[in-house]
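Student: Provide a 3D model corresponding to the input given below.
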Amino acid sequence: MPGVVTVSDLRTGYGGDDIINGVSFDVHPGEILTIVGPNGSGKSTLIKSLAGIVPARQGTISLFGENVTALKTPQRIAKGLAYVPQEFNVFRNMTIAENLKLSTEFLGLRSHDGNQERTRVLEMFPDIADRQDLLAGNLSGGQRQMLAFACALISSPEVLLLDEPSAGLSPKLVIEIFEKVKAVNELGTTIVMVEQNVAASLPFSDRAIVLVNGAIRHESSAAELSARGDLHELFLKEA
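Tutor: Numbers count the residues shown, from 1 in each chain. Coordinates of the predicted model:
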């Protein structure tokens, strides 16, 4: 089955060093693929490269069979991709309504289309739908994450990239966030997320990749990885 996202021999990083070292994998249509690994393994760098924020130094990134390696983030968004960063994912000095309106304007949606999309998306997020005049900075961490999801979904993306969606949340909110991720996926959106919280994320995932020192150490179904008794060894042993 061809991947909706195909990564081939990807190398990227910052300054003179490669953080991602020759990574290759496919993302299957309609799945939740979760990339896990220890701190400093390159998870966030990898997903930022998929989003076009960190340029590839070598290799290719394809979206629906088209090579998008040289495209900037807005061009990838126009082709069906959306990205929710771990930090600074909403404008805290703006209201919920203003954040959503800014997203529609950034995407170039006409006023009528933008209103329709906001209505559609807000039906999925009742926690923020009823308080649109509230400043995003006054929301809880979970509500801000919901708003960031909503802003990303305005464009009806076919592929949603999530960078540590559970970061900084209480255990109860972590489960709520992953339930929302699953609900978005069940509407037909393919999801790639990187996560530090292995135990909480795998039950909501279809497939998993373990990334260590910028390279793929293990790839399997999420259920198979969750059942293994050597995650500590996978994460920490030298390659």
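Student: Who are the contact partners of the spatially most central residue of the chain?
Tutor: In the chain, the C-alpha closest to the average C-alpha coordinate belongs to Leu162, at a distance of 1.5 Å (CA atoms, centre = their mean). The contact partners of Leu162, taken as CB atoms under 8 Å, 6 or more residues apart in numbering, are Ile47, Val84, Val181, Ile191, Val192, Met193, Val194. To be clear about C-beta, it is placed using only N, CA and C from the backbone, and glycine gets the same treatment.
Student: For this structure, which segments count as strands?
Tutor: For the chain, the strands defined by DSSP state E cover 5-14, 17-27, 32-36, 58-63, 66-67, 81-84, 159-163, 190-195, 207-212, 215-221.
Student: Can you check which helix is longest in the protein?
Tutor: helix 171-186 (DSSP state H).
Student: Contacts made by that one with the rest, please.
Tutor: 30-32, 124-125, 140-142, 145-146, 149, 153, 160, 162, 165-166, 169, 191, 193, 197, 200-201, 203-204.
Student: for the chain, what are the low-confidence residue spans?
Tutor: 1-2, 106-115, 236-239 (pLDDT under 70).
Student: Now do the same contact list for the residue nearest to Ile77 when sequence neighbours are not counted.
Tutor: Nearest residue to Ile77, sequence neighbours excluded (CB to CB, 6 or more residues apart in numbering): Ser155, at 6.2 Å. Ser155 is in contact with Ile77, Ala82, Ser103, Leu107, Glu117, counting by CB under 8 Å, 6+ apart.
Student: Phe88: which of those is nearest?
Tutor: Checking the contacts of Ser155 against Phe88 by CB to CB gives Ser103 as the nearest, at 14.4 Å.
Student: any idea what sits nearest that closest one, other than its immediate chain neighbours?
Tutor: Ser103's closest residue in space is Cys151 (CB to CB, 6+ apart), at 4.2 Å.
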